[in-house]
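**Student:** I'll drop the sequence and a predicted model, then ask my questions.
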There are 2 protein chains.
Amino acid sequence: MKRTGADTPQRILDAAERLFARGGFAATSLRAITAEAGVNLAAVNYHFRSKEALIEAVFARRLEPVNRQRFQMLEAAQARTGRRSPPLEAILEALAAPALRLRGEMTDGGVSFQRLMGRIFLEPGEHAEAILQQQLGEVAARFRAAFEKALPQLPPADLYWRIHFLVGAMAHTLAGTHILPHFVGDRCDPADVEGTIRRLVAFLAAGLRAPVRAAGRKRSRKT
Amino acid sequence: MKRTGADTPQRILDAAERLFARGGFAATSLRAITAEAGVNLAAVNYHFRSKEALIEAVFARRLEPVNRQRFQMLEAAQARTGRRSPPLEAILEALAAPALRLRGEMTDGGVSFQRLMGRIFLEPGEHAEAILQQQLGEVAARFRAAFEKALPQLPPADLYWRIHFLVGAMAHTLAGTHILPHFVGDRCDPADVEGTIRRLVAFLAAGLRAPVRAAGRKRSRKT
DNA sequence: GTCTATATGGGGATAGAC
DNA sequence: GTCTATCCCCATATAGAC
């Protein structure tokens, strides 16, 4: 323990990721993080400026490669179909797979960060929204455009709502908070990353393609 | 201000709901809650036992009527179809509408509580999971059974995952955290409760009905 | 870069007067 | 039921020795 090597920032990031995922940002103290990391309390404020800056660093470390891969997959899919839009499934896989595959690529950091990433969508507060906007703004813009092209007949309001539902399903899957817990392991396996991706993509593609109620006919709200 | 009437517990619940929704549980202090409510700090520990008990009370107050209504709507739909299963759309509406309609029924408590309810699904920690299990355990069990009956051909693992995605989309919609913020109000209106319900139900019904890849054919993971 | 020690403030909870 | 005052603990952040 307590190797004084130069990997202290790494160790802090790993511990912070793990504990933030378990307990949330506000409830996780720097003391707990430094204890878990086996480093001194003051090291956090030396290597990072503050707790808030540490949170941002935790996200940036993982999200930047994930987003690069998302864009690569999206562009590859677009290149395959030329001027036509790629199939919905390819767009959805480009969006979901890089994040979900984190689970397999790291010992346990992947799982922790997935929970974090899922949670940031529902986390309140200012820095959460800043991180979202800063790290995911371009992702949102480019994938929204891709969906719009793939579903040209869909009214903008419906497209927006469906993207909203899609984000919710993805975030919840990343977060890994399973209701019906007696089910997990019994009839389904969250560690089956590729199966999860396949099922998520199929579900979302069908939802995005759902028929739209004729625009003129407004429901009367009573029955 | 500071009316010493017997409605102090009410005032505390209202303030707590509002502030918890805005800032989360851990980051919201009892001092802030009592200040917002215009009551004394000690009143919280007098009327409720502790902060944790206050959180549970906040959820119980709204969730109990919502869940009653969910069961009523589910049973009404089942009564209409006799031994056959109700259409997916009716089940989904029974699950989603009572919660989403909270927005219209209260001045602003509805919006606050919706955010809370959406967030509890991703909130970490012990009491969050306890509340989830205790308040939503029966809801999960009965609606899962309804979905199972409505989709008898769906393998259990796929059914589980689809319910999981469904919960994520619902929670995110309740939480009301809109990505692509330049869209809201521009092309879509979160205050249109019935429109939101209609779109959510259509999206989820299509996702639940998505075709399942033939069981025997396992994808080789390499393209 | 790392550590000890501490400054400074805020948290939940309670005792006891009214 | 309500309030003041306070106990006791823990938080983030920093100063300054090593």
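**Tutor:** All right, it came through fine.

**Student:** low pLDDT regions in chain A?
**Tutor:** Applying pLDDT under 70 to chain A flags residues A:1-6, A:107, A:124-126, A:214-223.

**Student:** Get me the contact residues on it for DNA strand D.
**Tutor:** Contact residues, chain A versus DNA strand D (CB under 7 Å from any atom of the strand): A:28-32, A:41-42, A:44-45, A:49-52. For every residue, glycine as well, the C-beta is placed using N, CA and C.

**Student:** redo that, cut-off 6 Å
**Tutor:** Within chain A, the residues that sit near DNA strand D (CB under 6 Å from any atom of the strand) are A:Ser29, A:Leu30, A:Arg31, A:Ala32, A:Leu41, A:Ala42, A:Asn45, A:Ser50, A:Lys51.

**Student:** Report the central residue of chain A.
**Tutor:** Geometric centre of chain A, nearest residue: A:Met117, 4.5 Å, by CA atoms, centre = their mean.

**Student:** ok so it is a helix residue?
**Tutor:** Yes - according to DSSP: H, G, I helix; E, B strand; the rest coil, A:Met117 belongs to a helix.

**Student:** In chain A, where's the longest helix?
**Tutor:** helix A:51-81 (DSSP state H).

**Student:** Pull the distance from that helix to the chain's centre.
**Tutor:** Distance, stretch centre to chain centre, for helix A:51-81: 10 Å (CA atoms, centre = their mean, to the nearest Å).

**Student:** which helices and strands sit right next to that helix?
**Tutor:** Judged by 3 or more CB pairs under 8 Å, 6 or more residues apart in numbering or on different chains; DSSP states H and E, the packing partners of helix A:51-81 are helix A:8-23, helix A:30-37, helix A:88-100, helix A:109-120, helix A:126-150.

**Student:** Can you get me the start-to-end distance on stretch A:42-53?
**Tutor:** For stretch A:42-53, the first-to-last residue distance is 14 Å (CA to CA, to the nearest Å).

**Student:** And the contacts of that stretch?
**Tutor:** By CB atoms under 8 Å, 6 or more residues apart in numbering or on different chains, the residues outside stretch A:42-53 that reach it are A:Thr8, A:Pro9, A:Ile12, A:Leu30, A:Ile33, A:Thr34, A:Leu54, A:Ala57, A:His127.

**Student:** between those, which is nearest B:Leu88?
**Tutor:** A:His127 (39.7 Å; CB to CB).

**Student:** okay, now that closest one: neighbour count?
**Tutor:** 16 (other CB atoms under 10 Å in any protein chain shown).

**Student:** give me every residue that touches it.
**Tutor:** A:Glu52, A:Ile55, A:Glu56 are the contacts of A:His127 under CB under 8 Å, 6+ apart.

**Student:** possible to save those residues as CSV with distance to A:Arg144 and neighbour count?
**Tutor:** Putting those into CSV (distance: CB to CB, whole Å; neighbours: other CB atoms under 10 Å in any protein chain shown) gives the following:
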residue, distance to A:Arg144, neighbour count
A:Glu52, 29, 15
A:Ile55, 26, 20
A:Glu56, 24, 17
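
**Student:** filter these down to the ones close to DNA strand C.
**Tutor:** Of those, not one also sits near DNA strand C (CB under 6 Å from any atom of the strand).

**Student:** between the residues you listed, which is nearest B:Ala157?
**Tutor:** Closest approach to B:Ala157 among those (CB to CB): A:Ile55, at 35.4 Å.

**Student:** Secondary structure element holding the residue nearest to A:Gln114 when sequence neighbours are not counted?
**Tutor:** With CB to CB, 6 or more residues apart in numbering or on different chains as the measure, A:Leu174 is the residue that lies nearest to A:Gln114, at 4.5 Å, once sequence neighbours are left out. Secondary structure from DSSP states H and E places A:Leu174 in helix A:156-175.

**Student:** Packing partners of that helix?
**Tutor:** helix A:88-100, helix A:109-120, helix A:126-150, helix A:193-208, helix B:156-175, helix B:193-208.

**Student:** Which one of these lies nearest to DNA strand C?
**Tutor:** Closest approach to DNA strand C among the helices and strands packed on helix A:156-175 (CB to the nearest atom of the strand): helix A:126-150, 15.9 Å.

**Student:** Name the residues of the closest one that come out as buried.
**Tutor:** Within helix A:126-150, the residues that count as buried by 16 or more other CB atoms under 10 Å in any protein chain shown are A:127-128, A:131-132, A:135-136, A:139-140, A:142-144, A:146-147, A:150.

**Student:** Kindly report the same for stretch A:189-202.
**Tutor:** A:Pro190, A:Val193, A:Gly195, A:Thr196, A:Ile197, A:Arg198, A:Arg199, A:Leu200, A:Val201, A:Ala202.

**Student:** Make sure the last one is actually in contact with B:Pro211.
**Tutor:** Right, A:Ala202. Yes - here A:Ala202 reaches B:Pro211: they are 7.4 Å apart, a contact under CB atoms under 8 Å.

**Student:** Brilliant, that's me finished.
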